[in-house]
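S.K.: Sequence and predicted structure below; questions after.
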Protein chains: 2
Amino acid sequence: MTGLAARYRAYIDCLNRRDWDPLGDHVAADAVHNGRPLGLSGYRAMLENDVATFPDLHFDIALLAADGDLVASRLDFRVTPALPVVGFAPTGATITFSENVFYRFHDGRIGEVWSVIDRAAIERQLAH
Amino acid sequence: MTGLAARYRAYIDCLNRRDWDPLGDHVAADAVHNGRPLGLSGYRAMLENDVATFPDLHFDIALLAADGDLVASRLDFRVTPALPVVGFAPTGATITFSENVFYRFHDGRIGEVWSVIDRAAIERQLAH
């Protein structure tokens, strides 16, 4: 495991513990997510919103590739929505889907993120 | 650039030339794509269908991470649909979207693929 892969796993552990205060050890102050300049506070707000949407949110690393300053990860989710997801009201059902996501690290912190969620899988499971 | 990154770039060059006959140099006979056991012939049929849908299809590698037997790639597309895409009829407009995709190589060939397309971007551009 490269140093960056270990750093990435520490970031995911931080998210799974809902341990937001040290988030700045993992995410840069000027972090950009899918082209949006969220900064650290906006990034934290995004994660807190994700947890409000999925109270049982857990990040499960299915695939991980670290190369230079890039980490690519496939994250598997098995979650129960408590709020609408991509326009679909919660049904009480637990759904599964994946996210394929790239991170560019700057000085050991996540500086830029390019994430694609499998919306089609979510829609298949929540549409009626 | 690692050996696997170079092999991956050769695969993408093969696709961009529409050079299907040597596809078996790049894709394993028992290739699996998003859980579907396509094999080489099914994989080729998928690509030929993609080209029928987007006659100006070109694979542009935006991000690339190679690690062990894994390659992760973010592919950018700027294409003009000629056939319906995720249920939306062609409008004549050129659209842009990305794909985040992982490949596991077996003996130098693509054995398994986990692809997520940014469907939301496609829908935003084709829905009226």
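M.R.: Yes, it's here.
S.K.: Count the neighbours of A:Gln51 for me.
M.R.: Heads up, residue A:51 is Val, not Gln. 14 (other C-beta atoms under 10 Å in any protein chain shown). For every residue, glycine as well, the C-beta is placed using N, CA and C.
S.K.: let me redo that: A:Leu47
M.R.: Under the criterion other C-beta under 10 Å, the count of neighbours that A:Leu47 has is 17.
S.K.: Could you look up the SS state of it?
M.R.: Classification of A:Leu47 using DSSP: H, G, I helix; E, B strand; the rest coil returns helix.
S.K.: Report the contact partners of A:Arg109.
M.R.: A:24-28, A:31 (C-beta atoms under 8 Å, 6 or more residues apart in numbering or on different chains).
S.K.: Quick check: pLDDT value at it.
M.R.: With respect to pLDDT, A:Arg109 scores 97.
S.K.: about what we covered before: so which of the contacts of A:Arg109 is the most crowded?
M.R.: Top of the contacts of A:Arg109 by neighbour count (other C-beta under 10 Å): A:Ala31, with 26 neighbours.
S.K.: Report the beta-bridge partner residues of the closest residue to A:Ala72 other than its chain neighbours.
M.R.: Leaving aside its sequence neighbours, A:Ala72 sits nearest to B:Ala72 (C-beta to C-beta, 6 or more residues apart in numbering or on different chains; 3.2 Å). On the basis of DSSP bridges, B:Ala72 is bridged to B:Ala65, B:Phe102.
S.K.: Might one say that B:Ala72 is in contact with A:Ala65?
M.R.: Yes: the pair B:Ala72 and A:Ala65 passes the contact test of C-beta atoms under 8 Å, sitting 4.4 Å apart.
S.K.: residues from chain A in reach of chain B?
M.R.: A:2, A:5, A:62-68, A:70-72, A:74, A:86, A:98-102, A:114-120 (C-beta under 8 Å from any C-beta of the partner chain).
S.K.: Flag the shaky bits of chain A, pLDDT-wise.
M.R.: A:1-2, A:128 (pLDDT under 70).
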